[in-house]
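# Here is my input, please return the structure:
(3 chains)
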Amino acid sequence: MEERGKVAGAAAGVLLPRAFFEAPPEQVAPRLLGKLLARRIRGHWVSGRIVEVEAYLGPHNTTPDPAAHSHRGVTERNRALFGPAGHAYVYAIYGMHFCMNITCEPAGRAGCVLLRALEPVAGLKQMRKNRGLSAEGAAWEIACGPGRLCQALGLTRNENGLDLLDEGSPLQALDDGYAIEEAVVTRRIGIRKAAELPLRFALPGHACVSGPKNLKSERLRIA
DNA sequence: GCAGTGATTTGCT
DNA sequence: GCAAATCACTGCG
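As a prediction, this is how the structure comes out:
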């Protein structure tokens, strides 16, 4: 029996509305902080709270974003980016890793948000197993980083294009009512092009956030 | 610090 | 076609 949107061992959440993702990525990204990403693995749900994200702008935007995969238009790989909002864009990088994005904006506009880190909430045992960590492994290191996040949740190219807002989907974006008050915004990390844009958002001081701790940052109130 | 991995895209013939 | 360059990373030294 499938319990829709239910996260085993954690407070149940409700699917985020499509309209949540139909906004520009720089608006969606900070709002995603504190929301849940849930993944069904062989009938069991694992989940984590989103604590770090980066926005990537579509080619229609007035601010050019050469770091975005959509920058040079539609290709076989990035097709999902140009589709409707609220879908997964998963791609392989550096041979051995995957990165997970959620598409934003209506079809035809290719903004997206890269999920960089989660605080594990449910199914820690499964996530540690996926990551090759021992049972004593600290929770913060399970999904701190975009590649680790995908490995912990078992996300590969097979999950590319999934609708995160569908009750039957094995990958869902949920709101469990957890509210954050404040975020920090910094430059993006791990890229060379357009890295200076202030499009990385994270929960301040959270142990599960990846990357350097001393980046120049500004506080951001979340309405 | 940097090697290792491979999918993807681009720039040549 | 095919070769070369790129790439939003991690783990090991």
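# So in terms of bridging, what pairs with residue A:102?
residue A:88, residue A:113 (DSSP bridges).
# do the same with residue A:47
residue A:38, residue A:122.
# burial of it, as a residue count?
26 (other CB atoms under 10 Å). Placement of C-beta: from N, CA and C, glycine included.
# Can you give me the distance of it to DNA strand B?
According to CB to the nearest atom of the strand, to the nearest Å, residue A:47 and DNA strand B sit 27 Å apart.
# And residue A:134, by the same measure?
22 Å.
# how many neighbours does that residue have?
Using other CB under 10 Å: residue A:134 sits among 8 other residues.
# Leaving out the residues flanking it, which one is nearest to it?
residue A:128 (7.1 Å; CB to CB, 6 or more residues apart in numbering).
# where does that neighbour fall, helix, sheet strand or coil?
helix (DSSP: H, G, I helix; E, B strand; the rest coil).
# show me where chain A has strands.
Along chain A, counting by DSSP state E, strands occupy A:14-15, A:36-41, A:44-56, A:88-93, A:97-103, A:112-122, A:171-175, A:182-186, A:200-202, A:218-221.
# Check whether the third one comes near DNA strand C.
By that I understand strand A:44-56. Yes - using CB under 7 Å from any atom of the strand, strand A:44-56 comes into contact with DNA strand C via A:54, A:56.
# For that strand, output the C-alpha coordinates as PDB.
This file holds the C-alpha atoms of strand A:44-56, laid out as PDB (Å, rounded to 0.1, in the frame of the first residue of the first chain):
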ATOM      1  CA  HIS A  44      10.500   2.800   1.400                       C
ATOM      2  CA  TRP A  45      10.700   6.500   1.700                       C
ATOM      3  CA  VAL A  46      13.900   8.300   2.500                       C
ATOM      4  CA  SER A  47      14.000  12.100   2.900                       C
ATOM      5  CA  GLY A  48      16.000  15.100   3.800                       C
ATOM      6  CA  ARG A  49      15.500  18.800   4.400                       C
ATOM      7  CA  ILE A  50      17.000  21.100   1.800                       C
ATOM      8  CA  VAL A  51      19.700  23.300   3.400                       C
ATOM      9  CA  GLU A  52      21.800  24.500   0.500                       C
ATOM     10  CA  VAL A  53      20.800  25.400  -3.100                       C
ATOM     11  CA  GLU A  54      22.100  27.300  -6.100                       C
ATOM     12  CA  ALA A  55      20.000  29.100  -8.800                       C
ATOM     13  CA  TYR A  56      20.900  28.800 -12.500                       C
END
